[in-house]
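> need a structure here:
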Amino acid sequence: MANSWWEIQILCDSALEDLIFWRLEKFGCRGMSSQLKGHSQLVLAHLPQIQAQLLDLAALALWVNQDALTVGLPVPITRWHLIDEEDWASSWKQYWEPQEVGDRFLIYPAWLPLPDPSERMLLRLDPGAAFGTGTHPTTQLCLEALEMRLGFSSDQDNVVVDIGCGSGILSIASVLLGATKVYGVDTDPLAVGAARNNRSLNNMSDQDLVIEQGSLETLSKLTNGEPVDGILCNILAEVIIDLIPLMSAIAKPTSWGVISGVLLDQVKPIADTLEQNNWIVATLWKHQDWCCFNIRRS
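Numbering: from 1, shown residues only. The predicted model follows:
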């Protein structure tokens, strides 16, 4: 079928959910969600048909099984089938509910009627094909770290960059928390489109929140080479290690950073690379198998 998507369903032990999300993201999946199914968790993900053959999906199932065995949990049940393009984006939405994160945020699906006013900051979101719904532990850790960093800051200026912005959730949260200006970049054009759409959903201007396709080189051009106050980076550990030396080039002596997307067994190489590039790990927050670095310049 032309313009079709693989819908991947994984029934697993609830303790495996985060590890499976990580595996699916690494495989290139989009529109991921999960729901409780009895005493188990049903994880749903989508992938364009052209990106995977049947053998690739069989390999994915094997990796998922090996991940489970490595941590001593039951082997999941993995199934897949093709769906039409017009169905993929909506099929996972039925499982995504509004979610309170940290002390201040309410992450709210854009397709639901607006909620009653509350003391929480409303962050409306339609991630589309991009990563970042607020349900993943790494995103939650970053939002909580942002609350601590920006929510109680007395600085008049706070220019923040979001490397690998995905749906734009961390960029938008930064604006809501009072950042003077936020730059978000992502190498995936679908993520850029989703982030721009979410910027509009939250009534933000393209002057306060700049979203462009690219990476750190693009950020240097957008900021005219001026160093920034804060750096956000919630992507895979392997990519973060390569980015850390480049991050240092856009930092002030007083800059801070929030880094996540890191599994617990990946902490040491990230911490070592940060130290080698004159960053101090101020705190390390953990949630299940994931962690978040709160860093500052040494």
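> find the residue at the geometric middle of this protein.
Gly132 (4.1 Å; Cα atoms, centre = their mean).
> that one against Cys142, yeah?
No. Under the criterion of Cβ atoms under 8 Å, Gly132 makes no contact with Cys142, lying 9.4 Å away. Any C-beta I mention is one placed from the backbone N, CA and C, and that applies to glycine too.
> what sits in contact with each of the two?
By Cβ atoms under 8 Å, 6 or more residues apart in numbering, Gly132 and Cys142 have these common neighbours: 170, 234.
> what is the mean pLDDT for the host helix or strand of Leu62?
Element membership of Leu62, judged by DSSP states H and E, is helix 54-70. Here helix 54-70 scores 91 as its mean pLDDT.
> for stretch 265-276, same thing?
Per-residue scores along stretch 265-276 average to 94.
> centre of the chain to that stretch, how far?
20 Å (Cα atoms, centre = their mean, to the nearest Å).
> same thing with stretch 248-257?
22 Å.
> pLDDT of it, averaged?
Rounded mean pLDDT across stretch 248-257 is 94.
> need the contact partners of it.
By Cβ under 8 Å, 6+ apart, the list of residues contacting stretch 248-257 reads 149, 161, 216, 219-220, 223, 227-233, 247, 277-279, 282, 293-297.
> using PDB, write out every CA atom in that stretch.
Only the C-alpha atoms of stretch 248-257 are listed here, as PDB (Å, rounded to 0.1, in the frame of the first residue of the first chain):
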ATOM      1  CA  SER A 248      30.500  24.500  25.200                       C
ATOM      2  CA  ALA A 249      31.100  26.800  22.300                       C
ATOM      3  CA  ILE A 250      27.700  28.500  22.700                       C
ATOM      4  CA  ALA A 251      27.800  28.700  26.500                       C
ATOM      5  CA  LYS A 252      28.500  31.700  28.800                       C
ATOM      6  CA  PRO A 253      30.600  31.200  32.000                       C
ATOM      7  CA  THR A 254      27.300  31.300  33.800                       C
ATOM      8  CA  SER A 255      25.300  29.000  31.500                       C
ATOM      9  CA  TRP A 256      23.200  26.100  32.700                       C
ATOM     10  CA  GLY A 257      21.900  23.000  31.000                       C
END
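> give the buried residues for that stretch.
Applying a neighbour-count criterion of 16 or more other Cβ atoms under 10 Å, one finds 248, 250-251, 255-257 buried in stretch 248-257.
> likewise for stretch 14-34?
In stretch 14-34, counting by 16+ other Cβ under 10 Å, buried: 16-25, 27, 29-34.
> equivalent analysis for stretch 121-137, please.
121, 123-137.
> just say helix, strand or coil for the closest residue to Pro98 other than its chain neighbours.
Spatially, and ignoring its direct neighbours in sequence, Pro98 is nearest to Tyr108 (4.9 Å; Cβ to Cβ, 6 or more residues apart in numbering). Recorded secondary structure, Tyr108: strand (DSSP: H, G, I helix; E, B strand; the rest coil).
> now do the contacts for Tyr108.
Going by Cβ under 8 Å, 6+ apart, the list of residues near Tyr108 reads 98, 115, 122-125.
> swap in 6 Å and give it another go.
For Tyr108, the contact set (Cβ atoms under 6 Å, 6 or more residues apart in numbering) comprises 98, 122, 124.
> now it: how far from Trp5?
To Trp5, Tyr108 is 25 Å away according to Cβ to Cβ, to the nearest Å.
> cool, and Trp80?
10 Å.
> neighbour count: the two, which is higher?
Trp5 (27 against 18; other Cβ atoms under 10 Å).
> the more buried one and Ile50 touch, don't they?
No. Applying Cβ atoms under 6 Å, one finds Trp5 not in contact with Ile50, separated by 9.7 Å.
> domains of the chain?
Annotated domains of the chain cover 2-89, 95-295 [the TED database].
> worst mean pLDDT among those?
domain 2-89 (a mean of 87).
> name the SS class of Ala282, please.
strand.
> against Trp63, how distant is it?
From Ala282 to Trp63 the distance is 34 Å (Cβ to Cβ).
> what's the answer for Leu106, then?
For Leu106, the distance to Trp63 equals 35 Å [Cβ to Cβ].
> then Gly193?
29 Å.
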